[in-house]
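Colleague: Build me a model:
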Amino acid sequence: MVDRLNLRMKRCLYGHWDFVLFLRNMFKGGFIDQADISHEDHLEFMIENANRYMICTHEDIPVGFVGQVDGDIRVATHPEYQGMGVGKFMINEFMEKNPKCSATVKVENEASLALFESCGFKRKYIVLEK
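Modeller: The predicted structure is shown next:
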């Protein structure tokens with residue numbers, strides 16, 4: 001576990017955008033849209049949405065991000081900090097200010113399902129695809 005006293009949530013500023021892109025592309029399999037995001041597309045997206053994202057730091061080192069798009073939570077933790085409570089910290093902190101957000105999680109993403117359920121989320125819908 002990381003020392004939660006040293007975890008801080010900060011606004012997602014321009015200097016954090018490459019970190020968000022790095023994590024997003026690293027974990028693309030866990031998101032609904034699994035395509036790599038180009039740097040140009042990411043810049044365009046962040047110009048419009050950075051105010052909906054937060055960066056989590058541990059001793060001033062970025063360790064994850066959390067945000068929302070159309071009320072759907074997006075969260076990712078750097079691999080070196082996974083399993084240490086960072087994701088749960090970020091979601092709980094984010095939900096205090098964004099209580100109406102929900103999470104769309106791929107059914108095979110058991111780690112994300114467990115994370116959101118540990119934060120009090122309940123399974124509500126199952127989407128079937130062919």
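Colleague: Give me the nearest residue to the residue nearest the centre of the chain, chain neighbours excluded.
Modeller: With distances taken as CA atoms, centre = their mean, V75 lies nearest the centre of the chain, 0.9 Å away. Once flanking residues are discounted, V75 sits nearest to V66: 4.5 Å by CB to CB, 6 or more residues apart in numbering. Where you see a C-beta, it was placed from the backbone N, CA and C, and this is true even at glycine.
Colleague: Check T57 too.
Modeller: Sequence neighbours aside, R8 is the residue nearest to T57 in space, at 5.1 Å (criterion: CB to CB, 6+ apart).
Colleague: can you pull the contacts of the residue nearest to the centre of the chain?
Modeller: V75 makes contact with 64-67, 87, 90-91, 94, 112, 115, according to CB atoms under 8 Å, 6 or more residues apart in numbering.
Colleague: Try it again at 6 Å.
Modeller: Neighbour list for V75: 66, 87, 90 [criterion: CB atoms under 6 Å, 6 or more residues apart in numbering].
Colleague: Next: V105.
Modeller: For V105, the contact set (CB under 6 Å, 6+ apart) comprises 112-113.
Colleague: rerun that using 7 Å as the cut-off
Modeller: By CB atoms under 7 Å, 6 or more residues apart in numbering, the contact set of V105 is 112-113, 116.
Colleague: Among those residues, which lie within strands?
Modeller: Applying DSSP state E to these, no entry is found in strands.
Colleague: what's the closest of the residues you listed to D18?
Modeller: The closest of those to D18 turns out to be S112 (CB to CB; 23.2 Å).
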